[in-house]
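Student: Sequence and computational prediction follow.
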Amino acid sequence: MTQWQQRVIALAAIAQAAAAVKSLARQGKLDESFQRQALLDSVLNQNPDSFASIYGDVSKLRVGLRVLLAQLGATKQKDIETTRYMVGVLALAQRVQKQPKAFAELGQRIDQLHRQQSQFQFEPETVYQGMASTYSDCISPLGRPLQIHGQPDYLQQQPVQNQIRALLLAAIRSAVLWRQVGGKRRHFIFSRTRMVATANQLLRELSSQSES
């Protein structure tokens, strides 16, 4: 797998999480295609066999690849809200990485969640709550919080709040990975064509696999 493929996979995960947050905030639920569990599992997957296996496999990010293409492509399909969430997540990831104490605390909390889940196999709601708490304790204090817009009736529900924060934590994990494999903000300006081509290539490979 090339470095550009790794970068695009990480961005697709961010895009998928951002779109999932939007759906939860507006509808209070998620379609199965968002692969919520694969996104959340990526936070606790500390010993992946490969970059793609962080998310299970690339097929789990099919929605994210399409969302990413819509955001990067020269079409009218761009979603301003999804873009805002993606940009906000990238900024939060950069902010936490620039603060060693906060970054170390985040790593410790994720390690703790991993150990607890390995030992006790918690129900999903308990995992969401643990991840949401980690986001609130380690990310929220770093500066201006990411504002989520949606239906107040849903946003006031604790389970929805927990899932949104857990998904944002997963998105930040992917944003950190993106930076670790050489992702730069300037790529969105100077390497957009390369990113679009790579995302299209990954989708074509997924289509070929499903047809075979």
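Tutor: That came through, no problem. Residues are numbered from 1 along each chain as shown.
Student: ok now the top helix by length along the chain, how far from the chain's centre?
Tutor: Determined from DSSP state H, the single longest helix within the chain is helix 3-27. Its chain's average C-alpha position is 5 Å from that of helix 3-27, according to CA atoms, centre = their mean, to the nearest Å.
Student: Does that helix pack against any helices or strands, and if so which?
Tutor: Counting contacts by 3 or more CB pairs under 8 Å, 6 or more residues apart in numbering; DSSP states H and E, helix 3-27 is packed against helix 36-44, helix 62-72, helix 80-97, helix 152-155, helix 158-180, helix 192-211. For the C-beta atoms, the positions are set from N, CA and C on the backbone; glycine is no exception.
Student: which parts of the first one are buried?
Tutor: In this case it means helix 36-44. 36, 38, 39, 40, 41, 42, 43, 44 (16 or more other CB atoms under 10 Å).
Student: picking up where we left off before, tell me the mean pLDDT for the longest helix of the chain?
Tutor: Here helix 3-27 scores 97 as its mean pLDDT.
Student: repeat for stretch 143-157
Tutor: The model assigns stretch 143-157 a mean pLDDT of 94.
Student: contact partners of that stretch?
Tutor: 21-22, 24-28, 81, 85, 88-89, 92, 95, 160-161, 164, 168 (CB atoms under 8 Å, 6 or more residues apart in numbering).
Student: Could you check the pLDDT of residue 60?
Tutor: pLDDT, read off for residue 60, is 96.
Student: State the distance from it to residue 9.
Tutor: 10 Å (CB to CB, to the nearest Å).
Student: Between the two ends of stretch 58-77, how far is it?
Tutor: The first and final residues of stretch 58-77 sit 23 Å from each other (CA to CA, to the nearest Å).
Student: Give the buried residues for that stretch.
Tutor: 58-72.
Student: Out of those, the closest to residue 179 would be?
Tutor: Distance to residue 179, by CB to CB, is smallest for residue 68 among the buried residues of stretch 58-77, at 16.5 Å.
Student: Residue 21 and residue 164, how far apart?
Tutor: Distance of residue 21 to residue 164, computed by CB to CB: 5 Å.
Student: do residue 141 as well
Tutor: When distance is defined by CB to CB, residue 141 is 18 Å away from residue 164.
Student: and these two? which has more neighbours close in?
Tutor: Taking other CB atoms under 10 Å, residue 141 and residue 164 do not tie; residue 164 has more neighbours (24 against 9).
Student: Assess the claim that the more buried one and residue 25 are in contact.
Tutor: Yes: the criterion here is CB atoms under 8 Å, and residue 164 meets it with residue 25 at 6.5 Å.
Student: Cool, thanks, signing off.
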